[in-house]
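Participant: Requesting a structural model of the entry that follows:
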Amino acid sequence: MTENSFIHRFEPATGAGSSPLLLLHGTGGDENDLLGLGKMISPGSAQLSPRGRVLEHGMPRFFRRLAEGVFDEEDVRRRARELGDFVADARQRYGIAAPIAVGFSNGANIAAALLLLKPDVLAGAILLRAMVPLSDPPKAELDGKPVLLLSGQADPIVPPNNSARLAALLSESGASVSHRVLPAGHQLSQADVTLARDWIGNAAAEAA
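Facilitator: Have a look, this model is predicted:
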């Protein structure tokens with residue numbers, strides 16, 4: 001097991017022309033959690049799904065937190081670099097293009113951190129119930145990278161002003177951000193699946 005290795009699943013593409021997906025689970029999930037979601041939103045895509053390497057009361061996460069909504073930002077930075085290195089290695093190993101991240105909750109937060117810290121790693125991102133990952137992020141050059149941010153109006157974990165701040169931060173860094181606030185809580189809804197599927201289809205069409 002090398003420094004960059006994560007326990008992970010890789011599912012090869014079954015269709016041509018679909019962007020690979022990097023699937024990033026929420027707290028307590030694992031590498032199997034989002035495979036079904038990935039197939040629903042982009043059926044032909046290759047899927048790379050790592051398991052977070054931090055344990056919180058036995059539950060896998062992608063970085064440490066000090067309390068709910070309070071992140072260990074030094075750990076966020078270190079773990080984002082590790083994840084970026086893993087994706088670079090996996091791209092070589094499996095022969096895939098830069099992936100679009102599909103992250104939920106803690107996975108969405110590490111995806112947002114990747115966009116800000118290692119922008120070349122991802123082709124874009126679908127951030128489901130994400131928060132601002134860093135209080136003092138570096139100036140990223142996202143150059144029109146497509147990002148879909150889906151927030152829950154009744155989310156007890158992510159305050160509305162926080163997700164709005166994340167959308168503004170990514171936009172100011174040059175990303176092409178679509179932010180939708182859904183009549184939902186922290187859990188995913190059918191609307192998330194439908195919007196993500198439509199968005200990724202449009203993103204692929206624009207890239208073609």
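Participant: Secondary structure element holding Ser151?
Facilitator: Element membership of Ser151 [criterion: DSSP states H and E] is strand 146-152.
Participant: Report all helices and strands that the helix or strand just after that strand contacts.
Facilitator: Sequence-wise, the next helix or strand downstream of strand 146-152 (DSSP H and E) is helix 160-172. Using 3 or more Cβ pairs under 8 Å, 6 or more residues apart in numbering; DSSP states H and E as the contact definition, the elements that helix 160-172 packs against are helix 106-117, strand 146-152, strand 176-182. C-beta: built from backbone N, CA, C; applies to glycine.
Participant: And the ones you listed: which comes nearest Ser163?
Facilitator: Of all the helices and strands packed on helix 160-172, the one in closest proximity to Ser163, counting by Cβ to Cβ, is strand 146-152 (4.1 Å).
Participant: quick check: mean pLDDT across the closest one?
Facilitator: Here strand 146-152 scores 98 as its mean pLDDT.
Participant: Taking helix 160-172 as reference, get the angle to it.
Facilitator: Interaxial angle of strand 146-152 relative to helix 160-172 (axes from the mean of the first three to the mean of the last three Cα atoms, to 10 degrees): 180 degrees.
Participant: neighbouring contacts of strand 146-152?
Facilitator: For strand 146-152, contacts defined as Cβ atoms under 8 Å, 6 or more residues apart in numbering pick out 100, 115, 124-130, 158, 160, 163, 166-167, 170, 175-182, 184-187, 192, 195-196, 199-200, 203, 206.
Participant: That strand vs helix 106-117, what angle?
Facilitator: Interaxial angle of strand 146-152 relative to helix 106-117 (the same axes, to 10 degrees): 140 degrees.
Participant: so what strands line up beside strand 146-152?
Facilitator: With DSSP bridges as the test, strand 146-152 is paired with strand 124-128 (parallel), strand 176-182 (parallel).
Participant: Residues touching the shortest one, excluding its own?
Facilitator: Looking back up the chat, that one is strand 124-128. By Cβ under 8 Å, 6+ apart, strand 124-128 touches 19, 41, 100-105, 108, 111-112, 114-115, 145-150, 166, 188, 192, 196, 199-200, 203.
Participant: Give the buried residues for that strand.
Facilitator: Residues Gly124, Ala125, Ile126, Leu127, Leu128 are the ones in strand 124-128 that count as buried (16 or more other Cβ atoms under 10 Å).
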